[in-house]
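Trainee: Fold the stuff below for me.
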Amino acid sequence: MAQIHEKLVEEWFRRKGYFTIRGAKAKGSGNNEIDILALRSNEDGTQNYRHIECQISFRPIGYISTNPRTRLKRTALKRSKIEIDEDAPVWVKQKYFSPKVENIRNSFVNHKVNWMYTFVHHKVKDEYELEVIKNQGIELISFQLIMDQLDPKADRTSDARDEVELLKK
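Mentor: Next up, the predicted model:
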């Protein structure tokens, strides 16, 4: 199911003029993968580089981030704000700034660029967790916003058209 959502997120960025790569991996990165890498050339000659991670849940039972003390997801257990303050930055570092993830980005763009880091989410167990993630320099985009802006009639050649029509019914 996650790949369908990533496909819709990818389609939304493509309609905004981005070239995208989904499921980016690099040699030696192990199980690490970037959901979407995106590049857009602007009219002024500058370029936008994005590292996009997606986690879409319609009925969240757990938190986004992991517990640094146990390295296990604590799904149904309620977390305090202090625990979220500890856990979310560790998750951000693992998803966006670990050496293996940086290696994946560098394998696609072999010169120094300023990356924008984006997290696409839907419903979450605790809104405070999103606030902490945002405070780590991560742009948040709601999956609902993407669905609202994806018009299946706008691009009849899109692979994502059928999925958008199904999800909007």
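Trainee: Checking the residue most central in space within the chain next. Helix, strand or coil?
Mentor: Computing the C-alpha centroid of the chain and ranking residues by Cα atoms, centre = their mean puts residue 53 first, at 1.7 Å. When classified by DSSP: H, G, I helix; E, B strand; the rest coil, residue 53 comes out as strand.
Trainee: Same check on the one 5 residues further on?
Mentor: In terms of secondary structure, residue 58 is coil; the call rests on three-state DSSP.
Trainee: list the contacts for it?
Mentor: 122, 123 (Cβ atoms under 8 Å, 6 or more residues apart in numbering). For every residue, glycine as well, the C-beta is placed using N, CA and C.
Trainee: pLDDT score assigned to it?
Mentor: On the pLDDT scale, residue 58 is placed at 80.
Trainee: For the residue of the chain most remote from its centre, give me the pLDDT.
Mentor: Distance to the chain centre peaks in the chain at residue 44, reaching 26.6 Å (criterion: Cα atoms, centre = their mean). Residue 44 carries a pLDDT value of 94.
Trainee: What of the one 5 residues further on?
Mentor: What the model reports as pLDDT for residue 49 is 97.
Trainee: Surely it and residue 36 touch.
Mentor: No: contact criterion Cβ atoms under 8 Å: residue 49 and residue 36 do not qualify, at 11.7 Å.
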